[in-house]
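[1] When you get a sec, could you give me coordinates for this:
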Amino acid sequence: MPTLYMVVPCYNEYECLPRTAPVFRRELEELIGAGLASPDSRILLVDDGSSDGTWDVIRSLHQSDSAFAGLRLSPNRGHQNAVMAGLMEARERADAAISIDADLQDDITAMEAMLRRHAEGYPIVCGVRSSRETDTFFKRFTAQAYYAVMNLFGAKLIYNHADYRFMDRSALDKLALYHGDDLFLRGLATRLGLPIATVEYARAPRVAGESKYTLKKMVKLAIRSVTCGRCKPQDTPRPPDPHIVERLFS
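    Modelled structure (predicted):
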């Protein structure tokens, strides 16, 4: 039974977290009850420099239930850096981590399948959308074109995979060798030289709040995916994120 950390990046999720936190807690309890995760497992909520009351919600969750842990970044560092900070914290405290967004558009019940694929010998398991039937024709077309172009540039992305991903300690150790702030995690995951499995799931609407991915952020992410192919691993793990200003752990 691995000690599992659910790494949940949060940016201005004051409205969303009170609704989704109980869902995260129930899923963690089910994974523990099924013998797939250790009772020492945690839900690590990473506040990415929110300007609303997100950190207050995280602090309250931690105070009422030790299964919730927290990291606070300042200033806002961006989604990929928030995920990376959480993964590196999990690397120091756990056997494995699953990154997933706070809005729960990704099907949280797919975590069980991820852990079972890991038990079969896969150190990385990527969540993949089963379809884009709810997308407009334009969005489907641009998504297909995006993946095709990124693969030509050497990003080697898994189609319909974002940042819903299981990584065990061996994968986290390899990921830690990539330094810097302009990282594109879904591109790096396929470059670590480890076996990868996929799990399909249906994507749902947000339960509350609004998407944080503006057009500007999406373009910036696309640029990162191109430069990702030129990233080289270093000889030593990346240092702790200096922008972590507060930690909540029991």
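
[2] Can you pull the phi and psi angles for the residue nearest in space to the middle of the chain?
    Among the residues of the chain, the one closest to the centroid is residue 99, at 2.5 Å (CA atoms, centre = their mean). Dihedral pair for residue 99: phi -90, psi 140, per degrees, to the nearest 10.

[3] Do I have it right that it meets residue 7?
    Yes: the criterion here is CB atoms under 8 Å, and residue 99 meets it with residue 7 at 4.6 Å. C-beta: built from backbone N, CA, C; applies to glycine.

[4] who touches both of the two?
    83, 86-87 (CB atoms under 8 Å, 6 or more residues apart in numbering).

[5] out of these, who has the most neighbours?
    residue 86 (28 neighbours; other CB atoms under 10 Å).

[6] Does that one touch residue 70 like I think?
    No: if you go by CB under 8 Å, residue 86 and residue 70 don't touch, sitting 10.0 Å apart.

[7] and for the two, which residues touch both?
    44, 46.

[8] Need the three-state assignment for the closest residue to residue 179 other than its chain neighbours.
    In space, and not counting its chain neighbours, residue 179 is closest to residue 238: 4.7 Å by CB to CB, 6 or more residues apart in numbering. Classification of residue 238 by DSSP: H, G, I helix; E, B strand; the rest coil places it in coil.

[9] From the shared contacts of residue 99 and residue 7, pick the one nearest residue 28.
    residue 86 (15.2 Å; CB to CB).

[10] What number of residues are in the vicinity of the nearest residue to that closest one once chain neighbours are set aside?
    Spatial nearest neighbour of residue 86, excluding adjacent residues (CB to CB, 6+ apart): residue 7 at 3.6 Å. Neighbour count for residue 7, taken as other CB under 10 Å: 29.

[11] Could you pull up phi and psi at residue 7?
    According to degrees, to the nearest 10, residue 7 has phi -100, psi 120.

[12] Mind listing what's buried along stretch 177-192?
    Of the residues in stretch 177-192, 178, 183-192 count as buried by neighbour count, 16 or more other CB atoms under 10 Å.

[13] pLDDT, secondary structure and distance to residue 41 added to those, as JSON lines?
    Rendered in JSON lines, the data for those read as follows (pLDDT from 0 to 100; DSSP: H, G, I helix; E, B strand; the rest coil; distance: CB to CB, whole Å):
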{"residue": "178", "pLDDT": "95", "secondary structure": "coil", "distance to residue 41": "25"}
{"residue": "183", "pLDDT": "86", "secondary structure": "coil", "distance to residue 41": "25"}
{"residue": "184", "pLDDT": "88", "secondary structure": "coil", "distance to residue 41": "27"}
{"residue": "185", "pLDDT": "93", "secondary structure": "helix", "distance to residue 41": "21"}
{"residue": "186", "pLDDT": "89", "secondary structure": "helix", "distance to residue 41": "24"}
{"residue": "187", "pLDDT": "86", "secondary structure": "helix", "distance to residue 41": "28"}
{"residue": "188", "pLDDT": "91", "secondary structure": "helix", "distance to residue 41": "24"}
{"residue": "189", "pLDDT": "93", "secondary structure": "helix", "distance to residue 41": "21"}
{"residue": "190", "pLDDT": "90", "secondary structure": "helix", "distance to residue 41": "26"}
{"residue": "191", "pLDDT": "90", "secondary structure": "helix", "distance to residue 41": "28"}
{"residue": "192", "pLDDT": "95", "secondary structure": "coil", "distance to residue 41": "23"}
